[in-house]
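predicted model and sequence follow; I will ask about them next.
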Amino acid sequence: MQIIDAANLDYRAVNEALRGTGSDYLIEGCLGQRFIAAGMSDKNLTINGIPGNALGAYLNNANITVNANAQDAVGDTMNEGKILIHGNVGDTAGYGMRGGKIFVQGNAGYRAGIHMKAYKEKIPVMIIGGHAGSFLGEYQAGGVIIILGLHKDSKPIVGNFPCTGMHGGKVFLRGTCEDIHFPKQVTARHADTKELEEIRKYLAEYCSDFGYSADELLSEPFTVITPDSKNPYKQMYIAN
Amino acid sequence: MSIEFIYPEFEVIRNENRCISCRVCEQQCANEVHSYDEKHKIMTCDDSKCVNCQRCVSFCPTRALKIVKSDCTLRENANWSAQTVKEIYKQANSGGVLLSSMGNPKPLPVYWDKILINASQVTNPSIDPLREPMETRVFLGKKPSKIQRTKDGALDCKLPPQLELSMPVMFSAMSYGSISYNAHKSLALAATELGILYNTGEGGLHEDFYCYGENTVVQVASGRFGVHADYLKAGAAIEIKIGQGAKPGIGGHLPGTKIVGDISRTRMIPEGSDAISPAPHHDIYSIEDLRQLVFSLKEATEYKKPVIVKVAAVHNIAAIASGIARSGADIIAIDGFRGGTGAAPTRIRDHVGIPIELALAAVDQRLRDEGIRGNVSLVVGGSIRNAADAVKAVALGADACYVATAALLALGCHLCSTCQSGKCNWGIATQRPELVKRLNPEVGSKRLIHLMTAWKHEIKEFMGGMGINSIEALRGNRLMLRGIGLTEKELEILGISHAGE
């Protein structure tokens, strides 16, 4: 384990240190440095302190654990690997994510999981322990987003306009979500046994990371949201 | 017939004396215009399906075919053209948004055609490019504003990353998906041979084309299709696409019918699923946010690649470019309102954006006024049709030009402007294997090389005539240009004098 003291380093210096030969790193005193581990592969990184925007952007099979909150654009366009946040994340977490996992113990800001994708067996997974802000899963084209609503406060499990423009993948919200308004082109219904079985392995991993019980989580009903069509705009055009 | 009937735009004229009923036209037409009448042993046709792509005309062995614009006219007038009326019929029939392809066809001013180029006479000798060296190479990227020395007094020769082009032209972004594998391969082969670059567009990079990486610009757009660390590292430069001249302000939409096989894998979305690029990058609402994407890309590629930011030419383009020049981007690409597209809503294509000539002149001037012209190189596109347009663009302030429509024409495109149908008979804007194979990448690349080599000769002729032997000395040299038939305001924006002045 190599230790990087980030107190007086800018993001460029932090990343240069991370690009060294080692595989296990600990960043101490992180103070908002952006782009940490952007595009990196084969690293195990733990961060004490708060990383700045675009943590793990284009992450290409590295593991990152943050022992605090993270800011905006966590795992932007991430390809493979895992980001574990013991706190909250800001806006646009997992933008365009195409593989790997983002597990957040706390809450997520706006536009979490926007335009997530999937291809065959490569399925990105994002799990948020608390609640997510507005526009969750906007333009979602693939992958699995799970919001657990574990931390009871006055906020609803998702903000306004969830799944707007969704045309692939699945969103799971724990609870019956009766008071949440979804757009017309998606279907929200109770997740069936098969679907719950589908997410059990992700939840089991999440629970072992954060010390929850998967059985307990699954004892409550889940709402699953899926798009009605893979081609939501098909009827809108006429050749001219 | 009914109220929904619209008379076909084109008519197929077959010279029966020449037609040998060989059925080549039938085989060549993916629109299924031609068919063979077994009973009467003659060829017949359905004009209503014809898009006038000239494929059958080009392949008819006896020159028995021609396509003409129908002379069955509506009662049009100066206000209600036939096109305007037909568009209303189409929308009344379907309720759909009109969808078109290729560039803006409207009779709006083409400023290139109102700009004339200078030549030397008596007082300043012209140069013969056939006998004297002529430098057409350009380097794109940030240029230092002053000479730096290291601690021991030696010159600091470290420059930010630069792209070297053998001539001031690149092939602009066309995604794998909107155009075919063979079209992409033709562009990649030609760019490599010519020492210029082609651009992946927002469709990712097929694994077969990673070997052309040194001559490839890889694009990152709002849908982030096909973007991952290896892709970013594969290219010579990374382009953030904010907008496109044919459809400023709106996103892209590749229909699910084109998301098949390799396209699906390269974009990393399931087969048959629409590929939707949102109108904005949802993480960019300001220049500061843009700066964040620029630097996340630079971090991911260790500052080895220049980053291009591509925007459409719109009203406040000079202020926008000034912001981009301060965002850390190395190159700004501006796409004018006549730029092409594989599909765009007709109304947007024809009515949004401004001409590239005015945008370029305004941006170059603004960046000079602010003392930040060296922060970025400028690349312009949006209908650069020939070497004269390219020379005028450089003299107006561009470092290089993006061309796409001209390149497609070289590959066989006949500008039928129906790319959105996916039935391109020339094997360019299609994913149907039997059509794709009609475009041979060896032949295609050779034609592109011919075209660009010819342009390069012409550019040298222009330069020689002006007494300039290095393209760098032409950049922003607006004294070499004069306007013809332009208003004072137009001349002011273009920063040129009127012919005769």
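In hand now; what should we look at? Keep in mind that this is a model prediction, so the values were computed, not measured. Numbers count the residues shown, from 1 in each chain, chains lettered A, B, ... in the order given.

average model confidence for stretch B:290-308?
Summarised as a single mean, pLDDT over stretch B:290-308 is 97.

an error on my part: the question was meant for stretch B:179-191.
Rounded mean pLDDT across stretch B:179-191 is 97.

could you list the buried residues of stretch B:238-245?
B:Ile238, B:Glu239, B:Ile240, B:Lys241, B:Ile242, B:Gly243, B:Gln244, B:Gly245 (16 or more other C-beta atoms under 10 Å in any protein chain shown). Heads up, the C-betas are built off the backbone N, CA and C, glycines and all.

so who does the fifth one touch?
Neighbour list for B:Ile242: B:His281, B:Ile284, B:Leu290, B:Val309, B:Lys310, B:Val311, B:Ala312 [criterion: C-beta atoms under 8 Å, 6 or more residues apart in numbering or on different chains].

checking the nearest residue to the first one once chain neighbours are set aside next. Helix, strand or coil?
Of all residues not flanking B:His281 in the chain, B:Ser222 sits nearest, at 4.6 Å (C-beta to C-beta, 6 or more residues apart in numbering or on different chains). Using DSSP: H, G, I helix; E, B strand; the rest coil as the criterion, the local structure at B:Ser222 reads coil.

I figured B:Ser222 hits B:Ile250, correct?
No - taking C-beta atoms under 8 Å as the definition, B:Ser222 is not a contact partner of B:Ile250, at 10.6 Å.

who has more neighbours, those two?
Per other C-beta atoms under 10 Å in any protein chain shown, whichever of B:Ser222 and B:Ile250 has more neighbours is B:Ser222, with 26 against 19.

how far away is the more buried one from A:Val89?
Going from B:Ser222 to A:Val89 by C-beta to C-beta, to the nearest Å gives 21 Å.

then A:Asp209?
Distance from A:Asp209 to A:Val89, by C-beta to C-beta: 15 Å.

show me the shaky parts of chain A.
A:232-235 (pLDDT under 70).

where do the strands sit along it?
A:2-5, A:24-31, A:44-50, A:60-66, A:80-85, A:101-104, A:125-128, A:141-147, A:168-174, A:186-190, A:222-227, A:237-239 (DSSP state E).

I'd like to check what contacts the longest one. Which residues are they?
Meaning strand A:24-31. Contacts for strand A:24-31 (C-beta under 8 Å, 6+ apart): A:1-7, A:14, A:17-18, A:36, A:43-51.

just the CA trace of stretch B:349-359, in CSV.
What follows is stretch B:349-359, C-alpha atoms only, in CSV (Å, rounded to 0.1, in the frame of the first residue of the first chain):
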residue,chain,number,x,y,z
ARG,B,349,-31.6,22.2,-40.7
ASP,B,350,-33.0,25.0,-42.9
HIS,B,351,-33.5,27.7,-40.3
VAL,B,352,-31.1,27.4,-37.4
GLY,B,353,-27.5,28.6,-37.3
ILE,B,354,-25.5,31.1,-39.3
PRO,B,355,-23.1,30.9,-42.3
ILE,B,356,-19.6,29.7,-41.4
GLU,B,357,-17.9,32.6,-43.3
LEU,B,358,-19.4,35.1,-40.9
ALA,B,359,-18.9,33.0,-37.8
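
contacts for it next, please.
By C-beta under 8 Å, 6+ apart, stretch B:349-359 touches B:100, B:103-106, B:108-112, B:115, B:245-249, B:312-315, B:317, B:334-339, B:341, B:380-383, B:392-393, B:396, B:490, B:493-494.

in that stretch, what counts as buried?
B:Arg349, B:Asp350, B:Val352, B:Gly353, B:Ile354, B:Pro355, B:Ile356, B:Glu357, B:Leu358, B:Ala359.

can you redo these as JSON lines with pLDDT and secondary structure?
Output for these, formatted as JSON lines (pLDDT from 0 to 100; DSSP: H, G, I helix; E, B strand; the rest coil):
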{"residue": "B:Arg349", "pLDDT": "96", "secondary structure": "helix"}
{"residue": "B:Asp350", "pLDDT": "96", "secondary structure": "helix"}
{"residue": "B:Val352", "pLDDT": "97", "secondary structure": "coil"}
{"residue": "B:Gly353", "pLDDT": "97", "secondary structure": "coil"}
{"residue": "B:Ile354", "pLDDT": "98", "secondary structure": "coil"}
{"residue": "B:Pro355", "pLDDT": "98", "secondary structure": "coil"}
{"residue": "B:Ile356", "pLDDT": "98", "secondary structure": "helix"}
{"residue": "B:Glu357", "pLDDT": "98", "secondary structure": "helix"}
{"residue": "B:Leu358", "pLDDT": "98", "secondary structure": "helix"}
{"residue": "B:Ala359", "pLDDT": "98", "secondary structure": "helix"}
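
kindly provide the distance from the closest residue to chain A within the stretch 251-400 of chain B to B:Leu232.
Closest approach between the stretch 251-400 of chain B and chain A, counting by C-beta to the nearest C-beta: B:Ala300, at 3.1 Å. According to C-beta to C-beta, B:Ala300 stands 6 Å off from B:Leu232.

more neighbours, the two?
Comparing B:Ala300 with B:Leu232 by other C-beta under 10 Å, the one with more neighbours is B:Ala300, at 28 against 22.

coming back round to it: so which of the buried residues of stretch B:238-245 belong to helices?
Using DSSP state H, no member of the buried residues of stretch B:238-245 sits in helices.

next step: those residues restricted to strands.
Using DSSP E, the buried residues of stretch B:238-245 in strands are B:Ile238, B:Glu239, B:Ile240, B:Lys241.

return the residues in contact with residue 168.
Using chain A. Counted by C-beta under 8 Å, 6+ apart, A:Gly168 has contacts A:Lys117, A:Ala118, A:Gln140, A:Ala141, A:Gly142, A:Gly143, A:Pro227, A:Lys230, B:Ile269, B:Pro270, B:Ser273.

not what I meant, chain B
Contacts of B:Pro168 (C-beta under 8 Å, 6+ apart): B:Thr136, B:Val138, B:Ala390, B:Val394, B:Ala398, B:Asp399, B:Ala400, B:Cys401, B:Ile459, B:Ile471.

now the strands for the stretch 51-200 of chain B?
B:65-69, B:97-100, B:115-117, B:138-140, B:163-165, B:169-171, B:198-199 (DSSP state E, counting those that start in this stretch).

figure out which of those is closest to B:Asn375.
Closest approach to B:Asn375 among the strands of the stretch 51-200 of chain B (C-beta to C-beta): strand B:138-140, 12.5 Å.

partners of that closest one in the sheet?
strand B:163-165 (antiparallel) (DSSP bridges).

any low-confidence regions in chain B?
For chain B (pLDDT under 70), the answer is B:1.

can you list the domains in it?
Residue ranges for the domains of chain B, per automatic domain parsing: B:10-96, B:115-144+B:157-473.

could I get these as a markdown table with distance to A:Ala188?
Below are those laid out as a markdown table (distance: least, C-beta to C-beta, whole Å):
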| stretch | distance to A:Ala188 |
| --- | --- |
| domain B:10-96 | 28 |
| domain B:115-144+B:157-473 | 20 |
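
out of those, which one sits most buried?
Of all the domains of chain B, domain B:115-144+B:157-473 carries the top mean neighbour count, a mean of 22, counting by mean count of other C-beta atoms under 10 Å in any protein chain shown.

and that one, how far apart are its ends?
19 Å (C-alpha to C-alpha, to the nearest Å).

what's the burial count for A:Phe182?
A:Phe182, neighbours per other C-beta under 10 Å, totals 18.

thought it was touching A:Ile225?
Yes - between A:Phe182 and A:Ile225 a contact is recorded at 6.3 Å, counting by C-beta under 8 Å.

now do the same contact list for the most centrally placed residue in chain A.
With distances taken as C-alpha atoms, centre = their mean, A:Met126 lies nearest the centre of chain A, 3.4 Å away. Counting by C-beta under 8 Å, 6+ apart, A:Met126 makes contact with A:93-94, A:97, A:101-104, A:112-113, A:116, A:143-146.
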